[in-house]
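>>> Structure for the following, please:
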Amino acid sequence: MAATAETRHKRDRLVLQRFIEVYCRENHGTDNGPLCGDCEDLLNYARGRLEKCPFDPKPKCRKCTVHCYQGDYRARIRRVMRFSGIYFVKRGRLDWLNRYFL
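Predicted coordinates for the structure are as follows:
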């Protein structure tokens with residue numbers, strides 16, 4: 001059963017938020033609180049890019065032919081996704097990776 005565009009956007013927003021929260025907590029020491037300023041900025045930027053995606057259905061960002069992230073943000077989100085993906089694998093949280101890859 002194919003997911004609707006709204007369902008995919010909701011899932012993508014959730015994955016972005018969760019991955020950035022883990023990265024921020026583990027690298028910037030934010031325990032169960034708000035994100036640091038840099039991570040909050042990255043999350044807001046990523047949400048904005050997600051909402052403005054011109055493709056329907058939206059492809060996975062890593063498979064997209066048009067990279068809408070600016071250079072610095074693109075490097076930062078790659079770092080976050082790489083770190084958080086490995087973090088979830090090491091802790092047996094494959095459910096989060098399924099959300100990311102499906």
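>>> Only C-alpha atoms from now on, for both contacts and neighbour counts.
Will do.
>>> secondary structure element for Arg47?
helix 37-51 (DSSP states H and E).
>>> now do Pro59
Using DSSP H and E, no helix or strand contains Pro59.
>>> What helices and strands are in contact with the lengthiest helix in the chain?
Taking DSSP state H as the criterion, the chain has its longest helix at helix 5-28. Helix 5-28 is packed against helix 37-51, helix 71-90, helix 94-101, with contacts defined by 3 or more Cα pairs under 8 Å, 6 or more residues apart in numbering; DSSP states H and E.
>>> quick check: angle from it to helix 71-90?
Angle, helix 5-28 to helix 71-90, by axes from the mean of the first three to the mean of the last three Cα atoms, to 10 degrees: 90 degrees.
>>> picking that back up, and of the helices and strands packed on helix 5-28, who's closest to Thr7?
helix 94-101 (11.5 Å; Cα to Cα).
>>> Starting from Thr4, give me the distance back to the residue nearest the centre of the chain.
Nearest to the mean C-alpha position of the chain, by Cα atoms, centre = their mean, lies Leu16 at 2.6 Å. Going from Leu16 to Thr4 by Cα to Cα, to the nearest Å gives 18 Å.
>>> One more: Gly29?
36 Å.
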